[in-house]
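K.L.:
attaching a predicted model along with its sequence, questions to come.
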Amino acid sequence: MTGPSPRPEILAIHPYVAGESTIEGANRTVKLSSNEGAFGVPPGAQEAVRAALADVFRYPDGTAIELRRALGKRWGLDPARIVCGAGSDDLIYQFCLAYGGPGRDIVMSAHGFAIYQVAGTYAGSRVIKVPERDLCIDLDAMLAAVSASTRLVFVANPNNPTGSMVGKDALAQFRAKLPAHVLLVLDSAYAEYVTREDYEPGIELVDATDNTVMTRTFSKVFGLGGMRVGWCYAPPAVVDVLNRTRGPFNVSVAAQAAAIAALEEPGWVEKGRAHNTEYRRIMTEGLRAAGIEVWPSEGNFVLADFGTTEKADAADAFLRGRGIIVRKVGVYGLPHCLRITVGTPEETAALIDGLTGFARHG
């Protein structure tokens, strides 16, 4: 039998596999697989969603003007230069579709966020993965991979799943060396967790150039992963392109209400950042004490390195036997590692206890 056929490159895409949420037969599950916020949904956002239910029969404001104003107020940005989407993934797809395509290359790091490759291939681009150096983005190697055909360069900062970070001076020098026809996309999904003084999420580079954009999300520290809300800050010309191509009602009524309320939750980000800094350190020290290598991270997760795929798989199975779900990252070219979200104090203690037991008996 024959039927409609997609473009050949579509069948080369491996479907994105999200972090698991449940373990069949487990009485209690500790989910540390998706880098969700440790404290759940902000109280104000919960109330905003309940209040929005009466209006969900209406189409949302397609321009998300109140959300853009709230974002502008929070970060000191011009709302006219903000575009919102159904998660930052939505915007990443739009960048690839609008600026990529056949004959147009996309450059990313070898262990960068998987959606860059999925969206780039979907757009018809050739996606070039550049080797990293000690699990850190090699900016010189990425520059060397840029050609006359390159239209997009993706830099996740901090990077998922490695947790590595590029300082603002190095990024500025990198941007200055990129050709003018290349759009640099700075994916700053984990920006709120970073405490290093040499970090800048991308606002300064967007303001200083006309070919840099910054993407952000409400799925991490703001606790709204299930609502699907993301945004970008971009030059006016890029904003114009996105508003021509994005879905007309891409952020729901409830999602807009929840995001606005989350931005206004007093001390929420500060609480999440402080907790993450403390318990990321506790988790790192606990795993290293058990003899497990942990790569430095600036996100709300750590990358535990077990040396071999077999040992990482065994550790994952051992944790699952205790009802603890972490993330295998073979799809990122790191089959010997597990990515582990920084959870609550109780979840962190359970994780350390589990991997200490594995190291002792596994």
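P.N.:
Nice, I can see it.
K.L.:
so how far is residue 163 from the closest residue in space to residue 83 that isn't next to it in sequence?
P.N.:
Nearest residue to residue 83 in three dimensions, chain neighbours excluded: residue 242, at 4.6 Å (C-beta to C-beta, 6 or more residues apart in numbering). Every residue, glycine included, has its C-beta placed from N, CA and C. Taking C-beta to C-beta, to the nearest Å as the measure, residue 242 falls 29 Å from residue 163.
K.L.:
buried residues, the lengthiest helix in the chain. List them.
P.N.:
When the chain is parsed with DSSP state H, its longest helix is helix 268-289. Going by neighbour count (16 or more other C-beta atoms under 10 Å), the buried part of helix 268-289 is 268-269, 272-273, 275-277, 279-280, 283-284, 286-287.
K.L.:
give me the contacts around whichever helix or strand comes after that helix.
P.N.:
Remark: after helix 268-289, the chain's next helix or strand is strand 293-295, criterion DSSP states H and E. The contact list for strand 293-295 (C-beta atoms under 8 Å, 6 or more residues apart in numbering) reads 135, 162-164, 283-284, 287-288, 302-307, 337.
K.L.:
in helices, which of these fall?
P.N.:
Per DSSP H, the contacts of strand 293-295 map to helices at 283, 284, 287, 288.
K.L.:
want to throw those into TSV with pLDDT and distance to residue 94?
P.N.:
As requested, these are exported to TSV (pLDDT from 0 to 100; distance: C-beta to C-beta, whole Å):
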residue	pLDDT	distance to residue 94
283	98	35
284	98	36
287	98	38
288	98	41
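K.L.:
picking up where we left off before, the buried residues of helix 268-289: which two are farthest apart?
P.N.:
268 and 287 (27.8 Å; C-beta to C-beta).
K.L.:
ok, now which ones touch residue 152?
P.N.:
Taking C-beta under 8 Å, 6+ apart as the criterion, residue 152 is in contact with 95-96, 99-100, 104-107, 120, 125, 182-183, 185.
K.L.:
swap in 10 Å and give it another go.
P.N.:
92, 95-96, 98-100, 104-108, 116, 119-120, 123, 125, 127, 182-185, 213 (C-beta atoms under 10 Å, 6 or more residues apart in numbering).
K.L.:
all strands for the stretch 151-300 of the chain, in order.
P.N.:
Here the stretch 151-300 of the chain has its strands, by DSSP state E, counting those that start in this stretch, at 183-187, 212-217, 230-233, 293-295.
K.L.:
residue 355 should be in a strand, yeah?
P.N.:
No. Secondary structure of residue 355 (DSSP: H, G, I helix; E, B strand; the rest coil): helix, not part of a strand.
K.L.:
number of nearby residues for it?
P.N.:
Per other C-beta atoms under 10 Å, the neighbour tally for residue 355 reads 27.
K.L.:
with adjacent residues omitted, what lies nearest to residue 77?
P.N.:
Sequence neighbours aside, residue 233 is the residue nearest to residue 77 in space, at 5.7 Å (criterion: C-beta to C-beta, 6+ apart).
K.L.:
so the one you found is in contact with residue 191, correct?
P.N.:
No. With contact defined as C-beta atoms under 10 Å, residue 233 does not count as touching residue 191 (11.3 Å).
K.L.:
what touches both of these two?
P.N.:
The contact sets of residue 233 and residue 191 overlap at 75, 201, 202, 203, 214, 215, 216 (C-beta under 10 Å, 6+ apart).
K.L.:
okay if I get the residues you listed as CSV plus neighbour count?
P.N.:
Below are the shared contacts of residue 233 and residue 191 laid out as CSV (neighbours: other C-beta atoms under 10 Å):
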residue, neighbour count
75, 16
201, 23
202, 26
203, 18
214, 25
215, 28
216, 27
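K.L.:
tabulate those residues (a markdown table), appending distance to residue 20 and pLDDT.
P.N.:
Formatted as a markdown table, the shared contacts of residue 233 and residue 191 follow (distance: C-beta to C-beta, whole Å; pLDDT from 0 to 100):
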| residue | distance to residue 20 | pLDDT |
| --- | --- | --- |
| 75 | 33 | 96 |
| 201 | 29 | 97 |
| 202 | 31 | 97 |
| 203 | 35 | 98 |
| 214 | 30 | 98 |
| 215 | 25 | 98 |
| 216 | 26 | 98 |
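K.L.:
export these as CSV, with columns for distance to residue 61.
P.N.:
Shown next, in CSV, are the shared contacts of residue 233 and residue 191 (distance: C-beta to C-beta, whole Å):
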residue, distance to residue 61
75, 20
201, 26
202, 26
203, 24
214, 23
215, 21
216, 19
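K.L.:
looking at those residues, which is nearest residue 247?
P.N.:
residue 215 (16.3 Å).
K.L.:
who touches the spatially most central residue of the chain in this structure?
P.N.:
Among the residues of the chain, residue 189 comes closest to the average C-alpha position under C-alpha atoms, centre = their mean, at 4.5 Å. By C-beta under 10 Å, 6+ apart, the residues touching residue 189 are 35, 87-89, 113, 156-160, 201, 215-221, 230, 299-300.
K.L.:
ditto for residue 210
P.N.:
The neighbours of residue 210, taking C-beta under 10 Å, 6+ apart as the test, are 180, 183, 234, 235, 236, 237, 238.
K.L.:
pLDDT at the fourth one, what is it?
P.N.:
Read it as residue 235. The per-residue pLDDT reported for residue 235 equals 98.
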